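Engineer: Here's my sequence, what's the structure:
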Amino acid sequence: ALLILLLFQLSMAVAAAWGWGALVTVGAAKGKSDLVDRVMLGAGIALGVVGLLGLFGTEGLRAGYVNMALEHKPQFAGEAARVAFAAFTGDLAKVALLGLALVAVAWLARRGKFPVALASVVALLLLLVELWPVSGAVMAPTIGDPVQRNLEAGRDDVIDWLEKAGPAGSFRVFYPEDQWFTDNRPAGFGIGVLGGRHSAKTKLWQDLYETRSLYRLPWLALLNARYWVFSRPVSPTDIPPDWYALLKQVYVGSAGVVYEFALTMPRATLLGAWSVVPDTGRAVLDSVSFVAHDPRRFTYLTQEPGIASGEPDSVGTARITKYGLHDVEVEVEASRPAVLRLADLYYPDWKATVDGKPAKVLRADHVLRAVAVPAGKHTVKFRFASTAFMAGLWTSLISTLIAVGLMVAGWWFSRRPSSAAPAAESEPA
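Structural biologist: Purely as a prediction, here's the structure:
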């Protein structure tokens, strides 16, 4: 509905800009009636009839409207249909009156009895009066005053336990059961999950989901899925035996049972060995799934990091010191040049710095983020900065300045006297 409203507003603005000049051309209608005059007269008569119908002809239409509404929506009550009809007729009368006012302004401007600039302002105001209430009703839940919600809604004993299990960014939660996998509730309490529901998933996340990589043990370990939550205690016959052997029950509550996954890896890992594999689709997902290399010591990159790969052994430590939605900070200590891999989704708008200096954000293991770091102690910061948002912001600002400049220029040139003097009338001999 919001997109339809925005497109309607845009089309109204474009149509007005396209035809308004013809409507208010001063002097075009002096002494004669042209096609535009006839169209405006017809529009005025039609709007007048519609306005009278909305104001005085509602009784004859109410029964038909209510019956039609109930035929299409039998679950609606008759009173609801009557309320809708009252709103419809009220809007009908308002639109007719505003339309008549617009036609009258244009009619007067064509005859030189109303300033063109003022007529344009009045037209914009009339359009604003018509669209503003609709826009407000649609957009209020999005950009209006914050809606007061119960922040504790959805809290249970499992959520309480997970909130105390570790700081933000230190683990993720995996819900193996299908009915819970798409549950967004834990994210509302700042608990990272593998899954959830979102209508605008990125392609990389979709690759993980469609290949069922999220249900493979190497990926669950790599993605920091430390805790698994089931609706009840599980046995070796409920889940694959290799899963069960790696799970340790750590909490039992009324809302579910929490198990700890033995193979889970840290969210941030310092690696000394890697292979550069150009992006060829989902091949790397299979390489990780079937453990072609130990993901604790090795990663796949889509481009050269600028340092040489070495032996797949321990090269240092990485510790997350700050973890937020748009900012992540990691302290690393490397014995030699290495790659810091953060088990968070890669996206081009993520930027990185190493000790305050810009660094290239690499794509690791098809879906994750990574940064090359030199030997020694360093602070790596990731920050999300949307280029699309900034481009849209600057485009809007520049377009606004151009529009205002054109309006001012039009007003200025309309005040200047014409450079062409009228031809002098010839006198009789």
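Engineer: which stretches of the protein form helices?
Structural biologist: Ranges of helices within the chain are 2-23, 35-56, 58-72, 78-110, 116-143, 157-163, 178-181, 203-210, 217-222, 241-244, 283-289, 387-415, based on DSSP state H.
Engineer: Kindly reformat those helices as CSV and extend each row with distance to V332 and mean neighbour count.
Structural biologist: All C-beta spots, glycine's among them, are computed from the backbone N, C-alpha and C. Formatted as CSV, the helices of the chain follow (distance: least, C-beta to C-beta, whole Å; neighbours: other C-beta atoms under 10 Å):
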stretch, distance to V332, mean neighbour count
helix 2-23, 44, 12
helix 35-56, 70, 14
helix 58-72, 64, 13
helix 78-110, 62, 17
helix 116-143, 40, 14
helix 157-163, 27, 17
helix 178-181, 33, 13
helix 203-210, 24, 14
helix 217-222, 18, 21
helix 241-244, 32, 12
helix 283-289, 22, 18
helix 387-415, 27, 10
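Engineer: Of those helices, give the one that comes closest to V373.
Structural biologist: Among those, helix 217-222 comes nearest to V373, with 19.5 Å by C-beta to C-beta.
Engineer: what sits up against the closest one?
Structural biologist: Contact partners of helix 217-222, identified using C-beta atoms under 8 Å, 6 or more residues apart in numbering, comprise 174, 194, 208, 213-214, 242-243, 246, 261, 263-265, 285, 288-291, 295, 343, 365, 368.
Engineer: Got a ChimeraX select line for the buried ones in those residues?
Structural biologist: A single ChimeraX command selects the buried members of these (16 or more other C-beta atoms under 10 Å):
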select :174,194,208,213,214,243,246,261,264,265,285,288,289,295,343,365,368
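Engineer: So which of the contacts of helix 217-222 sit within strands?
Structural biologist: 174, 194, 261, 343, 368 (DSSP state E).
Engineer: wait, the first one sits on I191?
Structural biologist: Okay, so that is F174. No. Using C-beta atoms under 8 Å, F174 makes no contact with I191, being 11.6 Å away.
Engineer: need the contact list for Y347.
Structural biologist: Contacts for Y347 (C-beta under 8 Å, 6+ apart) come out as 202, 204, 384.
Engineer: do the same with G188
Structural biologist: G154.
Engineer: pLDDT score for it?
Structural biologist: What the model reports for G188 is a pLDDT of 85.
Engineer: Low-confidence ranges, the stretch 251-400 of the chain, go.
Structural biologist: Filtered on pLDDT under 70, the stretch 251-400 of the chain yields the residue ranges 280.
Engineer: The same query, at a cut-off of 80, please.
Structural biologist: Residue ranges of the stretch 251-400 of the chain with pLDDT under 80: 279-281, 389, 393.
Engineer: Quick one: the strands in it, in order.
Structural biologist: For the stretch 251-400 of the chain, the strands defined by DSSP state E, counting those that start in this stretch cover 256-261, 268-271, 273-276, 298-301, 316-323, 327-334, 338-345, 350-354, 357-359, 362-364, 368-373, 376-384.
Engineer: Name every strand pairing with the second one and say which way it goes.
Structural biologist: Here strand 268-271 is paired, per DSSP bridges, with strand 338-345 (antiparallel).
Engineer: residues making contact with the strand it pairs with?
Structural biologist: For strand 338-345, the external contacting residues (C-beta under 8 Å, 6+ apart) are 202, 204-205, 222-224, 265-272, 274, 299, 301, 305, 307, 315-316, 318, 328, 330, 332, 362, 364-365, 367-373, 375, 380, 382.
Engineer: again, but for stretch 44-54
Structural biologist: 61, 89-90, 92-97, 99-100, 103-104, 107.
Engineer: go again using 6 Å as the cut-off
Structural biologist: Residues from elsewhere that reach stretch 44-54 (C-beta atoms under 6 Å, 6 or more residues apart in numbering): 89, 92-93, 96-97, 99-100, 103.
Engineer: Work out which residue lies at the spatial centre of this structure.
Structural biologist: Residue closest to the average C-alpha location in the chain (C-alpha atoms, centre = their mean): A200, at 8.1 Å.
Engineer: Could you report the pLDDT at it?
Structural biologist: pLDDT for A200: 75.
Engineer: Would you check how far apart it and Q206 are?
Structural biologist: 11 Å (C-beta to C-beta, to the nearest Å).
Engineer: ok, now A101?
Structural biologist: 51 Å.
Engineer: what's around A268, how many residues?
Structural biologist: For A268, the neighbour count with other C-beta atoms under 10 Å is 25.
Engineer: what is L362 paired to in the beta sheet?
Structural biologist: Under the criterion DSSP bridges, L362 forms beta bridges with A370.
Engineer: Contacts only, for it.
Structural biologist: Shown in contact with L362 (C-beta under 6 Å, 6+ apart): 301, 305, 370.
Engineer: Dump these to JSON lines, plus distance to W412 and neighbour count.
Structural biologist: Output for the contacts of L362, formatted as JSON lines (distance: C-beta to C-beta, whole Å; neighbours: other C-beta atoms under 10 Å):
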{"residue": "L301", "distance to W412": "58", "neighbour count": "22"}
{"residue": "P305", "distance to W412": "57", "neighbour count": "21"}
{"residue": "A370", "distance to W412": "56", "neighbour count": "26"}
